[in-house]
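A.B. asks: Mind looking at a prediction? Sequence and model below.
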Amino acid sequence: MNPQLTKKIMRRIYVMYVLRRATSARAVKLYVLLLSTASVASLVSVSNVLANMPSLLDIRATLAFTISAFLHTGALVQLFVAAFLAAIVALGAEAFIKDRSDYVRMRV
């Protein structure tokens, strides 16, 4: 076989492999996670939020603070926080739930 043709074919195979990996469901979840984190960090003064936050040991006050902070922020920040939480839940579920193909049996 022609070495140039082999090289061209292998390059195309590699590009398809990278594209499939970059557009997989897990990759999209990670993109949402990173985009929402960066967006919230750019829209919110994280240092001020942490400075105003009560002690993490006081669970009731921390929960009340978190809910109040979420409800009194802009809709865009709420959307990014919701996307962040959804991505975390989806990635966590993916990590702990087995793929359904594990349960499929081959018939002979």
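C.D. replies: That came through fine.

A.B. asks: going forward, measure contacts and count neighbours with C-alpha atoms only.
C.D. replies: Fine.

A.B. asks: how much space between the residue nearest to residue 61 when sequence neighbours are not counted and residue 65?
C.D. replies: Nearest non-adjacent residue to residue 61, counting by C-alpha to C-alpha, 6 or more residues apart in numbering: residue 54, 6.5 Å away. Separation of residue 54 from residue 65 (C-alpha to C-alpha, to the nearest Å) stands at 8 Å.

A.B. asks: wait, doesn't the residue nearest to residue 61 sit right on residue 60?
C.D. replies: No. With contact defined as C-alpha atoms under 8 Å, residue 54 does not reach residue 60; the gap is 9.7 Å.

A.B. asks: Quick one: mean pLDDT for the longest helix seen in the chain?
C.D. replies: Secondary structure of the chain per DSSP state H: the longest helix is helix 75-96. For helix 75-96, mean pLDDT rounds to 93.

A.B. asks: Give me the residues contacting that helix.
C.D. replies: 26, 29-30, 32-33, 36-37, 39-40, 43-44, 70-71 (C-alpha atoms under 8 Å, 6 or more residues apart in numbering).

A.B. asks: now for the residues you listed, which pair is the farthest apart?
C.D. replies: 26 and 71 (29.6 Å; C-alpha to C-alpha).

A.B. asks: More neighbours: these two, which one.
C.D. replies: The neighbour comparison of residue 26 against residue 71 (other C-alpha atoms under 10 Å) goes to residue 26, with 15 against 11.

A.B. asks: residues contacting that one?
C.D. replies: Neighbours of residue 26 in contact, by C-alpha under 8 Å, 6+ apart: residue 91.

A.B. asks: What separation is there between it and residue 17?
C.D. replies: Distance from residue 26 to residue 17, by C-alpha to C-alpha: 15 Å.

A.B. asks: And residue 90, by the same measure?
C.D. replies: 24 Å.
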